[in-house]
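Novice: pasted the sequence and its predicted model underneath.
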Amino acid sequence: MEDLQLQPTPNVTRRQLLMRGLHCQCPNCGQAKLFKTRLRIHRYCPKCGMRIERGDGYYLGPLCINYGIAVFTVVLPTLLLGFFGYIAIKLALVIAFTGALLLPLRLYRFSWSCWLMVYYICLPHELHANRTEDCDDLSFEEERRTRTKQ
Ligand SMILES: [Zn+2]
């Protein structure tokens, strides 16, 4: 009888990572949502146990994505429309200011998911499901130790 833990897990393709990223699902298993509340991300996936929130500095990726989307889709176009006279400058400022405040809140989940998607599409071997048995990466073991301490 085979040991179930020794069976290889299916590899996650970049296409699967893209779809999971667009649906805000765990990049490793695709069976759980990334967030436990509206603004709080799971530290570990509730289904597969992969660490999702990696600690200090990891939030900078989602922040950059969120800020970039807000600036280049709402703030900058609106200000340009106001600057070139297509709409009143006061209206442009109100729309840009409101968009700069509300759009990042609306995009918070999506930007986290996009960041994880981009990260694992660029580094697919970092994903637990894609790691090999003879992987000498110690971060896998370190995650396990960190998790048992909590
Ligand atoms: Zn998972």
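Specialist: Arrived safely, thanks for sending.
Novice: pLDDT of the helix ranked longest in the chain, averaged?
Specialist: In terms of residue count, the longest helix belonging to the chain (DSSP state H) is helix 89-106. The average pLDDT within helix 89-106 is 95.
Novice: can you check stretch 68-81 too?
Specialist: In this model, stretch 68-81 has a mean pLDDT of 95.
Novice: what's the end-to-end length of that stretch?
Specialist: 19 Å (CA to CA, to the nearest Å).
Novice: how about residues contacting it?
Specialist: The contact list for stretch 68-81, computed with CB atoms under 8 Å, 6 or more residues apart in numbering, reads 87, 92-93, 95-96, 99-100, 103-104, 107, 111. To be clear about C-beta, it is placed using only N, CA and C from the backbone, and glycine gets the same treatment.
Novice: filter the residues you listed by proximity to the ion?
Specialist: Taking CB under 5 Å from the ion as the test, the ion is in contact with none of those.
Novice: write the PyMOL selection for whichever of those residues are buried.
Specialist: Remark: buried members of these, expressed as a PyMOL selection using 16 or more other CB atoms under 10 Å:
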select buried, resi 92+95+96+99+103+104+107+111
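Novice: let me know the closest of the contacts of stretch 68-81 to the ion.
Specialist: residue 111 (19.2 Å; CB to the ion).
Novice: help me confirm that the closest one comes into contact with residue 62.
Specialist: Yes - the pair residue 111 / residue 62 is scored as a contact, 4.3 Å apart, by CB atoms under 8 Å.
Novice: at the contact with the ion, which residues of the chain appear?
Specialist: Residues of the chain lying near the ion (CB under 5 Å from the ion): 26, 28-29, 45, 47-48.
Novice: show me which pair in the contacts of stretch 68-81 is furthest apart.
Specialist: Spanning the widest gap among the contacts of stretch 68-81 are 87 and 111, at 27.4 Å by CB to CB.
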